[in-house]
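> Structural data only, the sequence is not supplied:
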């Protein structure tokens, strides 16, 4: 092998060794690239289009979106069952995550009952001490007794039989049922948002979460019971008339008693301090009836007056 070829090969090896050394030194000085860590995300339900206030939400109005945990609302809807059929309290824009605090349950869930088909829901307000108001529960069967005063007498009558109790709850003056149920819905939403919060340490070493907000009317004492009965239209008319004339009291009935009683009324009680009745008026005199005889009528009698001195005498004269 010629000497020139050996020198050329040695030069090439030297250049390759220098380049390899430079590459190794450079790679040692350059830190390895950092792998970017993605922020944790959570699945929430957002509006597919603009939803107006008061709209009833359907499953086709929502879509699943993944948003970072720090950008998701604390009360975001994470389960579609929490939002379907709910009513919006305010407008929601497209792609905006839905929040539990903006939802109230549908009317049938707010009422917690449904009026049976063909019947009417009649509302009674009764003090705790009247009838069976203090012990009634939804689903109980009751009869309704109407009472009224007639002079010095109290009359009672059964006007409704076997009516089902749809609602039996405490009634607080000044707090409507809608307001109370809405506050309860907001309280549930607040409790849901508190579930994921970091518990606060207690002095005894335990932990506790923040208490839910109290309803506005929670401190007001209830004075009456609100009772909703499922009655027929005719029974609702009788109940309205009974409340206008007097009172309506509820009495419990056995659930297996399907008998329908005839109309029941209390007997009219004569008062103890009765007054003497006025004397009866005499009946007007009537002419005696003429009785026709089977014999012919007698002939008329003719008389003649005869005077003898101062004496007067009638003498019959025959024909």
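Thanks, I have the structure now. Because the structure is predicted, anything quoted here is derived from the model rather than measured. Numbers count the residues shown, from 1 in each chain.

> Please, which helix or strand holds the residue nearest to residue 154 when sequence neighbours are not counted?
Spatial nearest neighbour of residue 154, chain neighbours left out: residue 147 (6.0 Å); criterion: CB to CB, 6 or more residues apart in numbering. For glycine as for every other residue, the C-beta is placed from the backbone atoms N, C-alpha and C. Using DSSP states H and E, residue 147 falls within strand 141-150.

> Any idea how many residues pack against residue 129?
7 (other CB atoms under 10 Å).

> State the distance from it to residue 226.
Distance from residue 129 to residue 226, counting by CB to CB, to the nearest Å: 15 Å.

> Also residue 51?
Taken as CB to CB, the span from residue 51 to residue 226 is 33 Å.

> what's the answer for residue 176, then?
11 Å.

> Mind checking which of those two has more residues around it?
Set side by side, residue 176 and residue 226 show more neighbours around residue 226, with 17 against 10, by other CB under 10 Å.

> Contact partners for the more buried one?
By CB atoms under 8 Å, 6 or more residues apart in numbering, the contact set of residue 226 is 123, 124, 125, 167, 168, 169, 170, 171, 177.

> Show the contacting residues for the residue nearest to residue 154.
154, 155, 156, 157, 246, 247, 248, 249.

> my read: the third one touches residue 145, true?
Put plainly, it is residue 156. Yes - contact criterion CB atoms under 8 Å: residue 156 and residue 145 qualify, at 5.5 Å.

> More neighbours: the two, which one.
residue 145 (19 against 16).

> which element is the closest residue to the more buried one other than its chain neighbours on?
Leaving aside its chain neighbours, residue 145 sits nearest to residue 249 (4.9 Å; criterion: CB to CB, 6+ apart). Per DSSP H and E, residue 249 falls inside strand 247-253.

> Can you check what angle separates that strand from strand 141-150?
Per axes from the mean of the first three to the mean of the last three CA atoms, to 10 degrees, the angle that strand 247-253 makes with strand 141-150 is 150 degrees.

> Describe which strands strand 247-253 pairs with in its sheet and in which direction.
Its sheet considered, strand 247-253 pairs with strand 141-150 (antiparallel) by DSSP bridges.

> Name the single longest strand found in the protein.
strand 153-171 (DSSP state E).

> Appreciated, that's everything.
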